[in-house]
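Trainee: this one's structure only:
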């Protein structure tokens, strides 16, 4: 039996929601001279992935699926999948992209007509995260397909695309030659070992084809390396490219200098803009500046493209971006205003996909009560729980509600913001384009019948980005209310003792709000795509204010008093921990009102919060030094309570 000519080498990890799109894109294009090799890092999604691949293999016996005995990570799985391939040509494919129609024929024609090639770099089309709408048109690599015959040219002209896995087709025999001396092992764990291999191959046999036709569909906003955090993701590119290009071409070469100039004005700039628009702290800006200064300070590109963005205040950056988006939307004929963006379309009115997302920490009893109420809500299609304690009791509770509920155990306590981010990312991955809304819910909150429907109706009627309900405790007393934008409603909700009192004084009409807690929020998925995920660096009590303010700065927030949710927190088992949480709240508030433009209004509430704490049993004059530290860390250092080095209260709480 003849070996295949072309092996599709698919790297898979926890992408059961996106893998079918890739397999379907291959279905009409595979020939007898192709094979598909799937190398999977094991996860809780492995059974579903195995089912998907087996179903595909029934039609195409050339499919092989290998599950690694343990998680290898991206770099080692790249080496694994290429070692399993039998074809002389390997097309590397990520599990969340797709092959464009006609892409296989273009690649086959190229390798058949030029058998002396070492590798191909393909142009790609960019799509949104649902892989259904093109978001922008990238220029082709070259006006026409072109062969590069110097490794330096390959590095300088194709560096951007060489880092994109699915744009790469390589000759397996030359890859094996590049790996033979073991130099690549120094870059395992960098996330870019394939980049080292490709550039080394270009040095060994410098004949590389840049294909101008778009052969790959790239899914945006789905970067698995974002789990490294904002600074970690920036460091991955800044240090990774520097180490690899420096190792292969020398740090004193023109190739190195040109490559670093490109990374500074493209990759570093991209990560900095995304992080600042997502509300990155001033600590991030300082660390990012130090990192880029270390690598790029001698490059004009740094001073022209990177440094100004690091120094530019976030409000000006947001204004500039908003102006750019408005002009672009007008040119493309797309909606731009928040009300237009979140207005329901006729197709969307019939199909609603709500995912409930929760972050929990050692509260299995309270969580069980929340899940019982969620399971009775017909509009909830998915439930994802991020367990910040990896607690077996919590996992057992969630298992009772499978298959619609999924538990994500975490070995690290990511806090409410970090846990919700993980749960929201997973929900988007599972639901794909069917997801229309996230329901953020505290693990000790309980929905009342019809609450989600009322939130959804008001959100659609008001074209809102986010909606929140009326919240009461176990005895029906009002609490945890949002910052209402209308004076009458704000006065009524502060005076009212019960839901009935509020409705009698202010009526049932929805009212705009600016900030809210995470007890319960219904968020339009389009708003999340625009503003990003909740932040992880607050530890507790502050990430909800920041995120709700970020959402309402982007779109409309609406308070729905006819939607009722009960908040039933347990009694504090460790009063001393509560003290540190209140101090963390003061630090987070000081940071927000002094450093985040969308949170300036919180300044008016900070003095009252300080006074209430000092009057409480946990406060008093003895607490003044701790209050001073909270204000110093928040105001002066510009750091939330979860940032390493400014997380005094988290350390004292033992969390």
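Mentor: Ah, there it is. Given the structure is predicted, the values throughout are model-derived calculations rather than measurements.
Trainee: rest of the way, CA atoms for contacts and neighbours
Mentor: Will do.
Trainee: what's the local residue count around residue 7?
Mentor: 28 (other C-alpha atoms under 10 Å).
Trainee: need the contact partners of the helix or strand hosting it.
Mentor: Using DSSP states H and E, residue 7 sits within strand 6-12. Identification of contacts with strand 6-12 by C-alpha atoms under 8 Å, 6 or more residues apart in numbering yields 33-41, 74, 77-78, 81-82, 85-95, 108.
Trainee: among those, name the ones in helices.
Mentor: With helices identified by DSSP state H, the entries of those that belong to them are 74, 77, 78, 81, 82, 108.
Trainee: mind listing the helices for the stretch 501-650 of the chain?
Mentor: 525-531, 543-554, 575-595, 606-615, 624-631, 648-653 (DSSP state H, counting those that start in this stretch).
Trainee: typo on my end, the stretch 201-350 of the chain
Mentor: With DSSP H, counting those that start in this stretch as the criterion, the stretch 201-350 of the chain has helices at 229-249, 254-263, 269-277, 282-296, 300-301, 307-311, 314-332, 338-341, 346-350.
Trainee: quick one: the nearest residue in space to residue 296 that is not next to it in sequence from residue 152, how far?
Mentor: Of all residues not flanking residue 296 in the chain, residue 302 sits nearest, at 5.8 Å (C-alpha to C-alpha, 6 or more residues apart in numbering). Remark: distance between residue 302 and residue 152 (C-alpha to C-alpha, to the nearest Å) = 22 Å.
Trainee: residue 220 too?
Mentor: Distance, residue 220 to residue 152, by C-alpha to C-alpha: 29 Å.
Trainee: swap in residue 560?
Mentor: Plainly put, residue 560 is 61 Å away from residue 152 if you go by C-alpha to C-alpha.
Trainee: before we move on, what about residue 434?
Mentor: Residue 434 is 45 Å from residue 152, where distance means C-alpha to C-alpha.
Trainee: try residue 641
Mentor: Distance from residue 641 to residue 152, by C-alpha to C-alpha: 46 Å.
Trainee: between those two, which one's more packed in?
Mentor: When residue 641 and residue 152 are compared for neighbours, residue 641 comes out ahead with 31 against 22, by other C-alpha under 10 Å.
Trainee: so who does that one touch?
Mentor: 537-540, 584-585, 587-588, 633-634, 647-650.
Trainee: before we move on, what about residue 369?
Mentor: Shown in contact with residue 369 (C-alpha under 8 Å, 6+ apart): 444, 446.
Trainee: element containing it?
Mentor: helix 364-375.
Trainee: buried residues in that helix, which are they?
Mentor: For helix 364-375, the neighbour count (16 or more other C-alpha atoms under 10 Å) marks 364, 366, 367, 368, 369, 370, 371, 374, 375 as buried.
Trainee: just give me the closest of these to residue 507.
Mentor: Among the buried residues of helix 364-375, residue 374 lies closest to residue 507 (C-alpha to C-alpha), at 27.2 Å.
Trainee: can you point out the buried residues in the particular helix or strand that has residue 423 in it?
Mentor: Assigned by DSSP H and E, residue 423 belongs to helix 415-431. For helix 415-431, the buried set under the neighbour-count rule, 16+ other C-alpha under 10 Å, comprises 415-424, 426-431.
Trainee: farthest-separated two in these?
Mentor: 415 and 431 (24.0 Å).
Trainee: test my guess that residue 144 contacts residue 209.
Mentor: No - with contact defined as C-alpha atoms under 8 Å, residue 144 does not reach residue 209; the gap is 10.6 Å.
Trainee: neighbour count winner among these two?
Mentor: In terms of neighbours (other C-alpha under 10 Å), residue 209 is the more surrounded of residue 144 and residue 209; the figures are 22 against 11.
Trainee: what sits against the more buried one?
Mentor: By C-alpha under 8 Å, 6+ apart, the contact set of residue 209 is 117, 119, 120, 121, 145, 146, 147, 148.
Trainee: doesn't the first one fall inside a strand?
Mentor: Spelled out, that is residue 117. No - using DSSP: H, G, I helix; E, B strand; the rest coil, the assignment for residue 117 is coil, not a strand.
Trainee: ok, it - contacts?
Mentor: 111, 171, 207, 208, 209.
Trainee: ok, so of those, who is nearest residue 193?
Mentor: Distances from residue 193 to these, taken by C-alpha to C-alpha, are shortest for residue 171, at 16.2 Å.
Trainee: which ones are touching that closest one?
Mentor: Contacts of residue 171 by C-alpha under 8 Å, 6+ apart are 88, 89, 90, 117, 118, 119.
Trainee: which residue is the nearest non-sequential neighbour of it?
Mentor: In space, and not counting its chain neighbours, residue 171 is closest to residue 89: 4.7 Å by C-alpha to C-alpha, 6+ apart.
Trainee: can I assume that neighbour is in contact with residue 5?
Mentor: Yes - between residue 89 and residue 5 a contact is recorded at 6.1 Å, counting by C-alpha under 8 Å.
Trainee: same drill for these two, tell me which one is more crowded.
Mentor: For residue 89 versus residue 5, the count of surrounding residues by other C-alpha under 10 Å is larger for residue 89: 26 against 18.
Trainee: residue 82 versus that one, what's the distance?
Mentor: 10 Å.
Trainee: likewise for residue 286?
Mentor: Plainly put, residue 286 is 40 Å away from residue 82 if you go by C-alpha to C-alpha.
Trainee: please apply the same query to residue 358.
Mentor: Taken as C-alpha to C-alpha, the span from residue 358 to residue 82 is 39 Å.
Trainee: again, but for residue 396
Mentor: On the measure of C-alpha to C-alpha, residue 396 and residue 82 end up 39 Å apart.
Trainee: how about residue 370?
Mentor: 46 Å.
Trainee: can you name the next helix or strand after the helix or strand bottoming out on mean pLDDT in the chain?
Mentor: Here the helix or strand of the chain ranked lowest by mean pLDDT, DSSP states H and E is helix 346-350, holding a mean of 40. Of the helices and strands lying after helix 346-350 in sequence (DSSP H and E), the nearest is strand 354-360.
Trainee: now that following strand against helix 415-431, angle please.
Mentor: Orientation of strand 354-360 against helix 415-431 (axes from the mean of the first three to the mean of the last three C-alpha atoms, to 10 degrees) gives an angle of 150 degrees.
Trainee: quick one: buried ones out of the contacts of residue 641?
Mentor: Buried by 16+ other C-alpha under 10 Å: 537-540, 584-585, 587-588, 633-634, 647-650, out of those.
Trainee: same list (these) but as CSV, adding distance to residue 490.
Mentor: Output for the buried ones among the contacts of residue 641, formatted as CSV (distance: C-alpha to C-alpha, whole Å):
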residue, distance to residue 490
537, 30
538, 27
539, 28
540, 25
584, 26
585, 22
587, 25
588, 23
633, 31
634, 27
647, 34
648, 35
649, 32
650, 33
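Trainee: higher neighbour count, residue 358 and residue 82?
Mentor: More crowded of residue 358 and residue 82, by other C-alpha under 10 Å: residue 358, with 31 against 26.
Trainee: contacting residues for the more buried one?
Mentor: Residue 358 neighbours (C-alpha under 8 Å, 6+ apart): 383, 384, 385, 386, 419, 420, 423, 440, 441, 442, 443.
Trainee: kindly recompute the last result at 6 Å.
Mentor: For residue 358, the contact set (C-alpha atoms under 6 Å, 6 or more residues apart in numbering) comprises 385, 441.
Trainee: now residue 39
Mentor: So residue 39 contacts 11, 66, 67, 81 (C-alpha under 6 Å, 6+ apart).
Trainee: most neighbours, which of those?
Mentor: residue 11 (25 neighbours).
Trainee: what's across from that one in the sheet?
Mentor: Here residue 11 shows beta-bridge partners residue 39, residue 94, assigned using DSSP bridges.
Trainee: and what of residue 440?
Mentor: On the basis of DSSP bridges, residue 440 is bridged to residue 357, residue 521.
Trainee: burial count for it?
Mentor: By other C-alpha under 10 Å, 22 other residues sit near residue 440.
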